[in-house]
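K.L.:
I would like to see how this sequence folds:
(4 chains)
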Protein chains: 2
Amino acid sequence: MIDRELIKGSISIMVLELLADKDMYGYEMIKELVRRSNNVFSFKEGTLYPILHTLEKHGYIFSYWEDTALVRKRKYYHITDAGTKELEKKRNQWRMFSEAMELILGGGSHA
Amino acid sequence: MIDRELIKGSISIMVLELLADKDMYGYEMIKELVRRSNNVFSFKEGTLYPILHTLEKHGYIFSYWEDTALVRKRKYYHITDAGTKELEKKRNQWRMFSEAMELILGGGSHA
DNA sequence: TTCAATACATAGTAACACTATGTAATGATG
DNA sequence: CATCATTACATAGTGTTACTATGTATTGAA
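P.N.:
All right, here's what the predicted structure looks like:
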């Protein structure tokens, strides 16, 4: 559908954006991104989990296992202060990038 | 300024977009992208030239050396029919991607 | 009973663009 | 007059990122 290379680099913004609302677990995020994007974004687990681990390594999020009696254990993620700052930075970068792309796509002479 | 990973995957669209207007040479495209994007995009030669070669290999553009008496030779690029079709496809993909990202960035509950 | 869904995980790989470097000419700056 | 910036091309090597493929384990539906 959409060339993955176009999406590359934007997935971590999406994850931080989701976690800015509430704590979530990996599998839930995948479903939520499908829902929120109207089926445009649907990531495989092999794509999302490594990204979560990297974000945690950078200190933007941290994880905890839920301690309910559920059989299937869920690993929840929570955004940190550093993560919130990073999200804000990435949001600004996305705006700049997106607006610049519109200028290019709008054309030069035939604008 | 902007994380390169965000831009990755979008550079070939920009190049095709420029060439949709008129034939251009590599160095000229770099300057033109700086201008059209209001200094947001400024690529090094080491970034652009390999992309041009790849686009040519795929048949989306073709090149010719200008035959004027200039000392510094310029290699001009021209977009092909296949390139025009590819540009159209990539433009649509960018629209889908961009709109989906806005939905995510717009937030879930606090929209 | 077999498949789909839930829920995690990672080793290996491919794609992409960047860094660094090189050539070669001209004009500006100190 | 020497050195730097600009013009204009080129590529080998590298790093980042995410995808493919695979694996484990449970539950519920077909």
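
K.L.:
helices or strands next to the biggest helix by length in chain A in the packing?
P.N.:
When chain A is scanned for its longest helix (criterion: DSSP state H), the result is helix A:81-106. Packed against helix A:81-106, as judged by 3 or more C-beta pairs under 8 Å, 6 or more residues apart in numbering or on different chains; DSSP states H and E, are the following elements: helix A:11-21, helix B:4-7, helix B:11-21, helix B:26-36, helix B:81-106. C-beta coordinates here come from the backbone N, C-alpha and C atoms, glycine included.

K.L.:
switch the cut-off to 10 Å
P.N.:
Helix A:81-106 sits against helix A:11-21, helix A:45-57, strand A:61-65, strand A:75-79, helix B:4-7, helix B:11-21, helix B:26-36, helix B:81-106, with contacts defined as 3 or more C-beta pairs under 10 Å, 6 or more residues apart in numbering or on different chains; DSSP states H and E.

K.L.:
now the angle from that helix to helix B:11-21?
P.N.:
20 degrees (axes from the mean of the first three to the mean of the last three C-alpha atoms, to 10 degrees).

K.L.:
Rounded mean pLDDT for helix A:81-106, please.
P.N.:
Per-region confidence: helix A:81-106 scores 95 on mean pLDDT.

K.L.:
Any residue of that helix touching DNA strand D?
P.N.:
No - Helix A:81-106 stays out of contact with DNA strand D when judged by C-beta under 7 Å from any atom of the strand, the minimum separation being 11.0 Å.

K.L.:
buried stuff in that helix?
P.N.:
For helix A:81-106, the neighbour count (16 or more other C-beta atoms under 10 Å in any protein chain shown) marks A:83, A:86-87, A:90, A:93-94, A:96-98, A:100-101, A:103-105 as buried.

K.L.:
Likewise for stretch A:15-26?
P.N.:
A:15-20, A:24-26.

K.L.:
who in chain A is up against DNA strand C?
P.N.:
For chain A, the contact set with DNA strand C under C-beta under 7 Å from any atom of the strand comprises A:3, A:5, A:25-28, A:31, A:45-46, A:49-50, A:52-53, A:70, A:72-76.
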